[in-house]
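J.: Turn this into a structure:
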Amino acid sequence: MRPDTPQLLSSFREKDPDVRSVLAHVLHTGLRQCGTIGLVAVLLYVGLSVSGLGYDLTWTYEAVMNGGVDQQVVIAGLLVVAALSTIGLVFAQTRCSLRTGRLFGWGAILIATAVATFEGAVRSSFSTEYVILLYLLIVATIPFRPAQVGAIGGTVALVVYLLGPSGLAWTGEAALSAGMAKHLLFIAGGSVLVTGASVALYRRHHSFGTTQASLQKSRDLLRRTQEVAQVGGWEYDPESDTVRGTVELYDILDLPDETRFALDVWLQFFASDSRPRVRAAIEQCLQEGEAFDCEASLTTAQDNRREVRIRGTAETKTGEGTQITGILQDITEREAMAHRIREQERLLRSITENVSDGIFRMVPGDGLIYANQAFARLFGYDEVAEILALDAEDLYAHPEDQTDLLSMSEDGTQSDREVVFRREDGSTFIGLLGGSVTHDDEDVKYVDGVVIDITDLKEREQALKGERDRFETLFESLLQEDR
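T.: Numbers count the residues shown, from 1 in each chain. You can find the predicted model right below:
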């Protein structure tokens, strides 16, 4: 059996929480409508009878208690309808569950049918059409499953069989009279028609629920995306000179939801240096249809300073002229982070450019990719670009020193060692080379190093060594003379 047949349609699809949500909404709306209609009908019935407009009822205690059975049955019926209507309104207000609402609707149909049937039998004015109309009204307003609708029709027929004219409760005979058979046949035919209609109605509810659920999910996704990206949507209608936006736009501007304002009022939020630029972009977009994208500063309704990115695109709608639709993104945090990064870069640049030691970064296969000004001066160059354009091997007086450095790097070691370097003019100097190695898996990613010119230190060291050797020679000569 296919899953979309009437037998499986309801139970299969009601497992979807989105469909159940829509059915519950339909239920609450139906209970509210039925309850209101029932109370209005009771009040109208009572009002017309009190006014003497054809309804032979006397609304005094004595008349009710001592009146005939006909009057008491009618009054009891009115009280039952008023009670059911009130209960329905309470269920709708408290947003009862789908199961509770259906049980109440089923019970309401049976009770109302019993009252109407009993009243008709007592007053000899029973009308099957009234029962069918009541059955159809409640089924149309409460979203029963198709199988439940058929079962309700069967119970309605049972109530009529028991309480209707020539029914089992009155005659004590199970055999059907001609009149009862006619009533039951009419109810059976009506039940089939109502059940068939309920299948189509249930399909409509399901289709509506699926569409609404999909639309709500899209709205929720858009809202969450706007919240994460801190983006608000806006629209400007030049004909009414009205700017309106999404909830996120009002959050950015610190405004209540659904606020609408003229373009000039909206532009007042922007800083004085940004306002002319934003206005010009909007006017050009309207006149030439050219989209715009710019950054600006604004002050919110609560005097909070924000940096924003505003974008807009012209759209021509039939019968409405040209409008602008766009977004406003809060980039305050991004700008603050960019400012901190720029400050850190400036500080790092200041440190590296002002130290006397040469700092560099070398990538195996690419050579030098960074050097500070002190590094360039060590090698006799005026500009850093000049030394970056050289092959790193040209900086060594003995090229094998570079190979040794890379070999040490591959071993993951860090070392400070003396290396003889060559300047631009061909002269050499002794540098103390230190570095740290960064690996990418097993390969060397890059080497960061420092070069310190120790030529003067080495010369003083050599001079000191010469003085020490001369002193030791003189001391040994004196010792030999003493002997």
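
J.: ok, now how distant is residue 328 from residue 268?
T.: Distance of residue 328 to residue 268, computed by C-beta to C-beta, to the nearest Å: 15 Å. Yep, even glycine has a C-beta here, placed from its N, CA and C like the rest.

J.: of these two, who's got more company?
T.: Neighbour tally, residue 328 and residue 268, criterion other C-beta atoms under 10 Å: the higher count belongs to residue 328, 26 against 13.

J.: Surely the more buried one is in a strand?
T.: Yes. Applying DSSP: H, G, I helix; E, B strand; the rest coil, one finds residue 328 inside a strand.

J.: which stretches of the stretch 101-250 of the chain aren't confidently modelled?
T.: 121-127, 206, 213, 216-223, 225-229 (pLDDT under 70).

J.: any chance you could map the helices in it?
T.: For the stretch 101-250 of the chain, the helices defined by DSSP state H, counting those that start in this stretch occupy 128-141, 146-163, 168-171, 178-229, 247-253.

J.: what packs against the longest one?
T.: Helix 178-229 sits against helix 6-13, helix 17-50, helix 128-141, helix 146-163, strand 231-237, helix 247-253, with contacts defined as 3 or more C-beta pairs under 8 Å, 6 or more residues apart in numbering; DSSP states H and E.

J.: tell me which residues of the second one are tucked away?
T.: To tie it back to what came earlier, the one meant is helix 17-50. When burial is assessed from 16 or more other C-beta atoms under 10 Å, helix 17-50 yields the following buried residues: 18-20, 22-28, 30-35, 38-39, 42, 45-46, 49.

J.: now that helix: how far from the chain's centre is it?
T.: 35 Å (C-alpha atoms, centre = their mean, to the nearest Å).

J.: mind giving me the domain ranges of the protein?
T.: 6-215, 230-334, 341-461 (automatic domain parsing).

J.: returning to that earlier point: of the helices and strands packed on helix 178-229, which is nearest residue 384?
T.: Minimum separation from residue 384 across these (C-beta to C-beta) falls at strand 231-237, 41.4 Å.

J.: Tell me the strands beside the closest one, with direction?
T.: Using DSSP bridges, strand 231-237 pairs in its sheet with strand 242-245 (antiparallel), strand 321-330 (antiparallel).

J.: and the ones you listed as JSON lines, adding distance to residue 352?
T.: Below are the strands paired with strand 231-237 laid out as JSON lines (distance: least, C-beta to C-beta, whole Å):
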{"stretch": "strand 242-245", "distance to residue 352": "47"}
{"stretch": "strand 321-330", "distance to residue 352": "35"}
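
J.: Of those strands, which is nearest residue 100?
T.: Between residue 100 and these, the shortest separation by C-beta to C-beta is 40.5 Å, and it involves strand 242-245.

J.: buried residues in the closest one?
T.: So, applying 16+ other C-beta under 10 Å, buried residues of strand 242-245: 243-245.

J.: Which member of those is positioned nearest residue 192?
T.: Among the buried residues of strand 242-245, and counting by C-beta to C-beta, the member closest to residue 192 is residue 244, at 51.6 Å.

J.: got the contact list for the closest one?
T.: 234-235, 258-260 (C-beta atoms under 8 Å, 6 or more residues apart in numbering).

J.: Going by neighbour count, which of those comes out on top?
T.: That'd be residue 234 among the contacts of residue 244, by other C-beta under 10 Å, with 22 neighbours.

J.: is it true that it touches residue 323?
T.: No. Between residue 234 and residue 323 there is no contact under C-beta atoms under 8 Å: 10.8 Å.

J.: quick one on the thing from earlier: let me have the domains of the chain in JSON lines, extended by distance to residue 468.
T.: Below are these laid out as JSON lines (distance: least, C-beta to C-beta, whole Å):
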{"stretch": "domain 6-215", "distance to residue 468": "91"}
{"stretch": "domain 230-334", "distance to residue 468": "64"}
{"stretch": "domain 341-461", "distance to residue 468": "10"}
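
J.: Residue 236 pairs with what?
T.: residue 243, residue 324.

J.: Measure how buried it is and give me the count.
T.: Counted with other C-beta under 10 Å, residue 236 comes out at 23.

J.: any idea how far residue 108 is from it?
T.: 52 Å.

J.: and what of residue 114?
T.: Distance from residue 114 to residue 108, counting by C-beta to C-beta: 11 Å.

J.: So for these two, which sits in the more crowded spot?
T.: Between residue 114 and residue 108, residue 108 has the larger neighbour count (other C-beta under 10 Å), namely 24 against 17.

J.: So what does the closest residue to the more buried one other than its chain neighbours have for phi and psi?
T.: The shortest distance from residue 108 to any non-neighbouring residue, by C-beta to C-beta, 6 or more residues apart in numbering, is to residue 84 (4.9 Å). Dihedral pair for residue 84: phi -60, psi -40, per degrees, to the nearest 10.

J.: Quick one: residues contacting residue 84.
T.: 38, 108, 111-112.

J.: For it, give its distance to residue 90.
T.: Using C-beta to C-beta, residue 84 is found at 11 Å from residue 90.

J.: Break down the stretch 301-450 of the chain into its strands, ranges please.
T.: Using DSSP state E, counting those that start in this stretch, the strands of the stretch 301-450 of the chain run over residues 305-317, 321-330, 358-363, 367-371, 416-422, 428-440, 443-453.

J.: between the last one and strand 358-363, how big is the angle?
T.: Using axes from the mean of the first three to the mean of the last three C-alpha atoms, to 10 degrees, the direction of strand 443-453 lies 160 degrees away from that of strand 358-363.

J.: on contacts alone, who are the packing partners of whichever helix or strand comes after strand 443-453?
T.: Next along the chain after strand 443-453, taking DSSP states H and E as the criterion, comes helix 455-482. For helix 455-482, the elements it packs on are strand 428-440, judged by 3+ C-beta pairs under 8 Å, 6+ apart.

J.: From the contact counts, what lies against the strand it packs on?
T.: Looks like strand 428-440 contacts helix 400-410, strand 416-422, strand 443-453, helix 455-482 (3+ C-beta pairs under 8 Å, 6+ apart).

J.: Next, the buried residues of it.
T.: 429-433, 435, 437.

J.: want to try CSV for the strands of the stretch 301-450 of the chain, with distance to residue 295 and mean pLDDT as columns?
T.: Listed next are the strands of the stretch 301-450 of the chain as CSV, based on distance: least, C-beta to C-beta, whole Å; pLDDT from 0 to 100:
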stretch, distance to residue 295, mean pLDDT
strand 305-317, 5, 87
strand 321-330, 9, 86
strand 358-363, 33, 87
strand 367-371, 30, 87
strand 416-422, 47, 84
strand 428-440, 36, 83
strand 443-453, 35, 84
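
J.: any chance of these in a markdown table, plus distance to residue 147?
T.: Compiled in a markdown table, these are given as follows (distance: least, C-beta to C-beta, whole Å):
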| stretch | distance to residue 147 |
| --- | --- |
| strand 305-317 | 47 |
| strand 321-330 | 48 |
| strand 358-363 | 75 |
| strand 367-371 | 76 |
| strand 416-422 | 88 |
| strand 428-440 | 67 |
| strand 443-453 | 70 |
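
J.: sorry, back to before: among the domains of the chain, which is nearest residue 469?
T.: Of the domains of the chain, nearest to residue 469 by C-beta to C-beta is domain 341-461, at 12.6 Å.

J.: quick one: the residue nearest the centre of the chain from residue 251, how far?
T.: For the chain, residue 224 is the residue whose C-alpha lies nearest the centre (C-alpha atoms, centre = their mean; 2.2 Å). Residue 224 sits 13 Å away from residue 251, taking C-beta to C-beta as the criterion.
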